[in-house]
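Participant: how would this look folded up:
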Amino acid sequence: MTSFSGQPKDKKGYHIKTVVLDAGHGGKDPGACGSKSYEKDITLKTALKLGKLIETNFPDIKVVFTRKTDDFVELYKRAQIANQSKADLFISLHCNSSKSITASGIETFVLGLHKSQENLDVAKKENAAILFEDDYSQRYDGFDPNSPESNIIFSLYQNAYLDQSLMVSQKIQHQFIEKIGLTDRGVKQAGFLVLYKTAMPGVLVEMGFVSNKKEEELISSEQGMSSISTALFNAFKNYKEKVENDVYSVETNVENKNNQAIVDTIKPKTFTDTVKPKINADTLKPKVRPDTVKPKDVVLHKDSLAVKKVSFRVQFTASSTNKPLNSPEFANLKDVKVYSLNSLYRYTTGDFKTLEEAVEWQSQVQSKGFKDAFVVAFCNEERISPQEAIKLIKK
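Facilitator: Residues are numbered from 1 along each chain as shown. Take a look at the predicted model:
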């Protein structure tokens, strides 16, 4: 186990040094279109105003922009910019749109499981920017923004910095509601490609609806963008004060480089990440984790697929000692099984034929106190990745 922890003895122990501001869309990708404005223009102007406020008030903080002009920047490159800058915070700015001309308000997203069809629709709209990129299917691990299955799998990717991301989101929502008077649409989780490979706290802000004429007038005007950038700055300042004054720690298990540095457990005291883990962002992996190397003793021949039993389960804990399956701590769980990997006994619950069923059970298991529960897959009782399991089912 590789452990990262930090407990500063005074308020000088941790400081935010770098912030990355991401103006959504750009260039050949206009984003959402209002009656007289484009999302790409609003996000760029607002990002530049926010960056100036941070630089003026906190000259020691480095502000990095994913774009400063009307250029098209691929989603994966935006994450690369953030990671190469070793940023402490990533803020992606966007504008919302809806078929309903009365839809309005501010909502802030963190990376996570889509809780509703509405959240999924927002993520699909923003993720569709990859369709402007060449070879996007290979670059994003086969992700297709128009595929429900891709969105289900992708939504299981978890942000290792969820606590901080949620904190930033809440402060942003508060500022927009209190200072600007926009409708509170809440802090939500959804699977955004621009967030899933960033190795720092990150949020995606939908600053208002360009499909609503009144709101479009506000967010596209110079005065409106100045007010929004000020609200974002105040939220950032409040977050900065919080994280630089509190004491916290993180404990992270990283299993195997071939498994793309799986974050096994995060146990915050207040929230995570004082000392930034030296983990390449390209190696951050989902809560659905192929944390076994491809099984060597499971040969997947076409002519033998009929006898391959594929199932999805929820792994909820691991132990160095072999606990009985009827242990009292497992009392509220069904179909508890155990398997051994890397000198640890790993316990699963449930046995499902579809990924969707396993995901639903994962939420229930987490609600029972096993917060780090995640989905795993098996073929004839041999551990495989969920992605490989889906391929087998399709065949």
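Participant: which residues of the stretch 101-250 of the chain fall in strands?
Facilitator: 106-111, 184-190, 202-209 (DSSP state E, counting those that start in this stretch).
Participant: tell me the most buried of the ones you listed?
Facilitator: Looking across the strands of the stretch 101-250 of the chain with neighbours counted as mean count of other CB atoms under 10 Å, the highest average goes to strand 202-209: a mean of 28. In this view, the C-beta of every residue, glycine as well, is placed from N, C-alpha and C.
Participant: tell me the strands beside that one, with direction?
Facilitator: Applying DSSP bridges, strand 202-209 is found paired with strand 89-96 (parallel), strand 106-111 (antiparallel).
Participant: now do the first one, average pLDDT.
Facilitator: Here strand 89-96 scores 95 as its mean pLDDT.
Participant: what comes into contact with stretch 333-351?
Facilitator: 255-256, 291-292, 311-323, 325, 330, 357-358, 361, 365, 368, 376, 381, 383 (CB atoms under 8 Å, 6 or more residues apart in numbering).
Participant: name the SS class of Lys99, please.
Facilitator: What DSSP: H, G, I helix; E, B strand; the rest coil gives for Lys99 is coil.
Participant: related to what we said a few turns ago, let's have the strands of the stretch 101-250 of the chain in JSON lines, adding distance to Lys237.
Facilitator: As requested, the strands of the stretch 101-250 of the chain are exported to JSON lines (distance: least, CB to CB, whole Å):
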{"stretch": "strand 106-111", "distance to Lys237": "16"}
{"stretch": "strand 184-190", "distance to Lys237": "19"}
{"stretch": "strand 202-209", "distance to Lys237": "15"}
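Participant: ok, of these, where does mean pLDDT dip lowest?
Facilitator: Among the strands of the stretch 101-250 of the chain, strand 184-190 has the lowest mean pLDDT, at a mean of 85.
Participant: that strand - contacts with which helices or strands?
Facilitator: Counting contacts by 3 or more CB pairs under 8 Å, 6 or more residues apart in numbering; DSSP states H and E, strand 184-190 is packed against strand 106-111, helix 117-127, helix 162-175.
Participant: among those, which gets the worst mean confidence?
Facilitator: Lowest mean pLDDT within these: helix 117-127, a mean of 50.
Participant: what's the burial count for the residue lying closest to Asn380 once chain neighbours are set aside?
Facilitator: Computed as CB to CB, 6 or more residues apart in numbering, the closest residue to Asn380 that is not its neighbour in sequence is Lys309, at 5.5 Å. Neighbour count for Lys309, taken as other CB atoms under 10 Å: 11.
Participant: any idea how far Leu50 is from Lys309?
Facilitator: Remark: distance between Lys309 and Leu50 (CB to CB, to the nearest Å) = 53 Å.
Participant: Thr43 too?
Facilitator: With CB to CB as the criterion, Thr43 and Leu50 are 10 Å apart.
Participant: mind pulling up the pLDDT for Arg139?
Facilitator: What the model reports for Arg139 is a pLDDT of 52.
Participant: sort out which residues of the lengthiest helix in the chain are buried, please.
Facilitator: When the chain is parsed with DSSP state H, its longest helix is helix 222-245. Using 16 or more other CB atoms under 10 Å as the test for burial, helix 222-245 gives 224-225, 227-240, 243.
Participant: again with stretch 368-388
Facilitator: 370, 372-379, 383-388.
Participant: which one of those residues is nearest to Met167?
Facilitator: Asp372 (19.6 Å; CB to CB).
Participant: give me the element the closest one is part of.
Facilitator: Assigned by DSSP states H and E, Asp372 belongs to no helix or strand.
Participant: start at 24 instead
Facilitator: From this message on, residue numbering opens at 24, which makes the last subject Asp395.
Participant: quick one: pLDDT of it?
Facilitator: You'll see Asp395 listed with a pLDDT of 73.
Participant: cool, and the one 5 residues further on?
Facilitator: The predicted local confidence for Ala400 comes out at a pLDDT of 89.
Participant: before we move on, back to that, so can I have TSV of the strands paired with strand 225-232 showing distance to Leu185?
Facilitator: Shown next, in TSV, are those (distance: least, CB to CB, whole Å):
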stretch	distance to Leu185
strand 112-119	13
strand 129-134	6
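Participant: closest one to Phe232 among the ones you listed?
Facilitator: Nearest of these to Phe232, taken as CB to CB: strand 112-119 at 4.6 Å.
Participant: could you give the angle of the closest one to strand 207-213?
Facilitator: Note on geometry: by axes from the mean of the first three to the mean of the last three CA atoms, to 10 degrees, strand 112-119 and strand 207-213 are set 120 degrees apart in direction.
Participant: how about strand 112-119: buried residues?
Facilitator: In strand 112-119, counting by 16+ other CB under 10 Å, buried: 112-119.
Participant: just the residues you listed now: which is nearest Leu98?
Facilitator: Nearest member of these to Leu98, counting by CB to CB, is Ser115, at 9.6 Å.
Participant: shouldn't the closest one be in contact with Met230?
Facilitator: No: between Ser115 and Met230 there is no contact under CB atoms under 8 Å: 10.8 Å.
Participant: thinking again about what came up before, what do Thr66 and Leu73 both touch?
Facilitator: Leu116.
Participant: coming back round to it: distance to Gly54 added to the buried residues of strand 112-119, as a markdown table?
Facilitator: Shown next, in a markdown table, are the buried residues of strand 112-119 (distance: CB to CB, whole Å):
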| residue | distance to Gly54 |
| --- | --- |
| Leu112 | 22 |
| Phe113 | 18 |
| Ile114 | 16 |
| Ser115 | 12 |
| Leu116 | 10 |
| His117 | 7 |
| Cys118 | 7 |
| Asn119 | 10 |
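Participant: of the residues you listed, just say which sits nearest to Ser58.
Facilitator: Cys118 (12.8 Å).
Participant: report the contact partners of the closest residue in space to the closest one that isn't next to it in sequence.
Facilitator: Leaving aside its chain neighbours, Cys118 sits nearest to Glu62 (4.2 Å; criterion: CB to CB, 6+ apart). Shown in contact with Glu62 (CB under 8 Å, 6+ apart): 47-48, 53-56, 117-118, 120, 233.
Participant: any quick ChimeraX command for the buried ones out of those residues?
Facilitator: Burial among these is assessed by 16+ other CB under 10 Å; the matching ChimeraX selection reads:
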select :47,48,54,55,117,118,120,233
